[in-house]
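In: Provided below are the primary sequence and the corresponding predicted coordinates.
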Amino acid sequence: MGTLEQLFELDAHDTTVRTELVAGLTTFLTMSYIVVLNPAILTAFPDNGTPGGIAIDGYSPPEVLQMLAVVTILSSVVAMLVMAFYANRPFGLAPGLGLNAFFSITVVGVLGVPWQTALAAIVVEGIIFIILTAVGAREYIIKLFPEPVKFAVGAGIGLFLAVIGLQAMGIVVDDPATLVGLGSIASDPVAILSVVGLFLTFVLYAAGFRGAIIAGIVLTTVAGAVATFLGLAEPGVLATEAVRNGGFDAAQLSSAQYDITPLAGAFIAGLQNVEAFAFALIVFTFFFVDFFDTAGTLVGVGQAGGFLDENGDFPDIDKPLMADAVGTTVGGMLGTSTVTTFIESATGVEEGGRTGLTALVVAGLFMASLVVVPLATAIPLYASHIALVVVAVLMMRNVVDIQWDDFSHAVPAGLTIMVMPFTYSIAYGIAAGIVSYPVVKTAQGEFDDVLIGQWVLALAFVLYFVVRTGGVLASAV
């Protein structure tokens, strides 16, 4: 214990080994779903009609999925070890949602780019990130974020977390008339149990119970398993398919396909015979989304953890950014999409995680899940995502730092907060705030307050949106 305290400077960060262990377990429970969800998104399933994905000759989709599960774990562990020992920050990393869908559906499926070439773009992006981080360019760009955007990111991420969590819990559902609507809470067993679990977690947290979020997740999971065991719900509804017929189905606990050689190094073949302009646009798109997703997560979660200084800057942010860059590079080489810092890290921070020991615990649990990959998702999605809603409520308090009586602060802050959940993207929310800030500032006669770099950043985002939404990428491929 003494070695851990010295290695991670626990006293200086006002934390303890126990607190870091609890925080790491909390973060793992809320992000472990990525071990199966990422492979499910990246794997090609020809029979379900979804375009794109990775398909390997001689291997069935389930075998490819298992390979990708192993690759997901390994790339995440590498990134979190860098986060733990180099950055000494409590953030979890893994292949990011949204970016994996863009990789699989848009780049491979819609644009018809070979998956090996898409992996090559990931590796190139990662190498660029490593170089930019090493010279301090990424940290400089993040410091250009306008103050209202920095202070709004946390609240925006909070709403983003809330949408993700409430959706997984069956409380918020798709509605063709209004886009979203209220789920069938009184008749949907997932929604019923989720609501009970959510309020139980709120009660435990309000009572000052340490580990309230973990307790809420575990108790909700156990309740779902018991209900399934007693036959009150069909297997796979409130618990995993492993719980069935009054017992456990051992077939659901089978080991993963550990041979990842068909994936590892495939990016090398993807670098051959590429069209330079189209390849550059793909790298550019991955680069922009990953850069600002990670920046937004670090600033937002950093605000919740008290890591930001009086100017809203994250001291030594280049170190956690390096973990993201290394993870992305290694992930692309092994065979998965971009690795990024997870917003679910906020759950561990709220439990008191302040150092790299939290990240080390998450890495260790991810590594342990290699033994039996399905156990990494033994916690049902609706149960783990209760934590996201709890944290979302807590992160909304960040809005008090925004100068709402100043229109040049209110507009970029408001757009940052609103656009994130409505577009399902942290990067797009940041973009809206960055583009609007110099425009509104200038309109108020405060042109001199806008840095040249902020104008350049705003124009770069405009260019990105032209490429991303104007059909430029599709026409170039």
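Out: That came through fine.
In: where does the chain dip in pLDDT?
Out: 1-2, 47-51, 210, 240-257, 372-378, 473-474, 476-477 (pLDDT under 70).
In: would you tell me which helix is longest in it?
Out: helix 276-304 (DSSP state H).
In: how about the contacts made by the spatially most central residue of the chain?
Out: Nearest residue to the geometric centre of the chain (C-alpha atoms, centre = their mean): F342, 3.3 Å. Residues near F342 by C-beta atoms under 8 Å, 6 or more residues apart in numbering: 27, 31, 34, 91-94, 96, 297. C-betas here are computed from N, CA, C, even on glycine.
In: which stretches of the stretch 101-250 of the chain form strands?
Out: 172-175, 179-182, 243-244, 247-248 (DSSP state E, counting those that start in this stretch).
In: just to check, A94 is in contact with V78?
Out: No. The pair A94 and V78 does not pass the contact test of C-beta atoms under 8 Å, sitting 10.7 Å apart.
In: tell me the buried residues in stretch 138-152?
Out: By 16 or more other C-beta atoms under 10 Å, the buried positions in stretch 138-152 come out as 138-139, 141-152.
In: now stretch 309-319
Out: Those buried within stretch 309-319 under the rule 16+ other C-beta under 10 Å are 312-314, 317-319.
In: list the buried residues for stretch 354-372?
Out: 354-366, 369-370.
In: of A94 and V78, which one has the most company?
Out: A94 (30 against 20; other C-beta atoms under 10 Å).
In: distance of the more buried one relative to L219?
Out: Taking C-beta to C-beta, to the nearest Å as the criterion, A94 is separated from L219 by 25 Å.
In: just to revisit the earlier point, wait, which of the contacts of F342 is closest to T285?
Out: T285 lies nearest to G96 out of the contacts of F342, by C-beta to C-beta, at 13.6 Å.
In: what's near enough to touch that closest one?
Out: Counting by C-beta under 8 Å, 6+ apart, the residues that G96 touches are 290, 293, 337-340, 342.
In: scan those and report the most crowded one.
Out: Most surrounded of the contacts of G96: other C-beta under 10 Å gives S337, at 33 neighbours.
In: so where does it fall, helix or strand?
Out: Per DSSP states H and E: S337 is located in neither a helix nor a strand.
In: before we move on, what about the one 3 residues further on?
Out: Using DSSP H and E, the element containing T340 is strand 339-341.
In: what's that strand packed up against?
Out: When contacts are defined as 3 or more C-beta pairs under 8 Å, 6 or more residues apart in numbering; DSSP states H and E, strand 339-341 packs onto helix 61-82, strand 93-95, helix 276-304, helix 318-334.
In: please identify the most buried of these.
Out: strand 93-95 (a mean of 31; mean count of other C-beta atoms under 10 Å).
In: give me the number of neighbouring residues for V462.
Out: 12.
In: let me see the contact set for the nearest residue to it once chain neighbours are set aside.
Out: Leaving aside its sequence neighbours, V462 sits nearest to V435 (C-beta to C-beta, 6 or more residues apart in numbering; 6.4 Å). Counting by C-beta under 8 Å, 6+ apart, V435 touches 458, 461-462.
In: between helix 276-304 and the host helix or strand of V435, find me the angle.
Out: Assigned by DSSP H and E, V435 belongs to helix 426-443. Going by axes from the mean of the first three to the mean of the last three C-alpha atoms, to 10 degrees, helix 426-443 is angled at 80 degrees with respect to helix 276-304.
In: how about the CA coordinates for helix 426-443, as PDB?
Out: The C-alpha trace of helix 426-443 is given here as PDB (Å, rounded to 0.1, in the frame of the first residue of the first chain):
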ATOM      1  CA  ILE A 426     -19.200  15.700 -27.800                       C
ATOM      2  CA  ALA A 427     -17.200  17.000 -30.800                       C
ATOM      3  CA  TYR A 428     -20.200  18.600 -32.500                       C
ATOM      4  CA  GLY A 429     -21.200  20.400 -29.300                       C
ATOM      5  CA  ILE A 430     -17.700  21.800 -28.900                       C
ATOM      6  CA  ALA A 431     -17.700  22.800 -32.600                       C
ATOM      7  CA  ALA A 432     -20.900  24.700 -32.200                       C
ATOM      8  CA  GLY A 433     -19.500  26.700 -29.300                       C
ATOM      9  CA  ILE A 434     -16.200  27.400 -30.900                       C
ATOM     10  CA  VAL A 435     -17.700  28.600 -34.200                       C
ATOM     11  CA  SER A 436     -20.300  30.800 -32.500                       C
ATOM     12  CA  TYR A 437     -17.900  32.500 -30.000                       C
ATOM     13  CA  PRO A 438     -15.800  34.700 -32.300                       C
ATOM     14  CA  VAL A 439     -18.900  35.600 -34.300                       C
ATOM     15  CA  VAL A 440     -20.900  36.800 -31.300                       C
ATOM     16  CA  LYS A 441     -17.900  38.500 -29.700                       C
ATOM     17  CA  THR A 442     -17.300  40.500 -32.900                       C
ATOM     18  CA  ALA A 443     -21.000  41.400 -33.100                       C
END
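In: report the inter-axis angle for the longest helix of the chain versus helix 318-334.
Out: Going by the same axes, to 10 degrees, helix 276-304 makes 140 degrees with helix 318-334.
In: what about A233, distance to L21?
Out: Using C-beta to C-beta, A233 is found at 33 Å from L21.
In: typo on my end, it should be G170
Out: G170 is 31 Å from L21, by C-beta to C-beta.
In: just the contacts of G96 now: which is nearest S184?
Out: The nearest member of those to S184, counting by C-beta to C-beta, is F342 at 29.8 Å.
In: surely L457 is in contact with P146?
Out: No. With contacts counted by C-beta under 8 Å, L457 stays clear of P146, the gap being 9.2 Å.
In: quick one, the strand or helix carrying V462 and helix 426-443 angle?
Out: Under the criterion of DSSP H and E, V462 resides in helix 452-469. With the same axes, to 10 degrees defining the directions, helix 452-469 sits at 130 degrees from helix 426-443.
In: what does helix 452-469 contact?
Out: The contact list for helix 452-469 (C-beta under 8 Å, 6+ apart) reads 140-141, 144, 146, 281, 284-285, 288, 431, 434-435, 437-439, 472-473.
In: over to stretch 129-148?
Out: With C-beta under 8 Å, 6+ apart as the test, stretch 129-148 has contacts from 287, 290-291, 295, 298-299, 311-314, 317-318, 321-322, 324-326, 328-329, 402-403, 408-410, 412-413, 416, 430, 433-434, 437, 451, 453-454, 457.
In: follow-up on the earlier one: for the helix holding V435, which positions count as buried?
Out: So, applying 16+ other C-beta under 10 Å, buried residues of helix 426-443: 426-438, 440-441.
In: and for stretch 171-186?
Out: The neighbour-count check on stretch 171-186 (16+ other C-beta under 10 Å) flags 171-172, 183 as buried.
In: gap between that stretch and the chain center?
Out: On the basis of C-alpha atoms, centre = their mean, to the nearest Å, stretch 171-186 sits 24 Å off its chain's mean C-alpha point.
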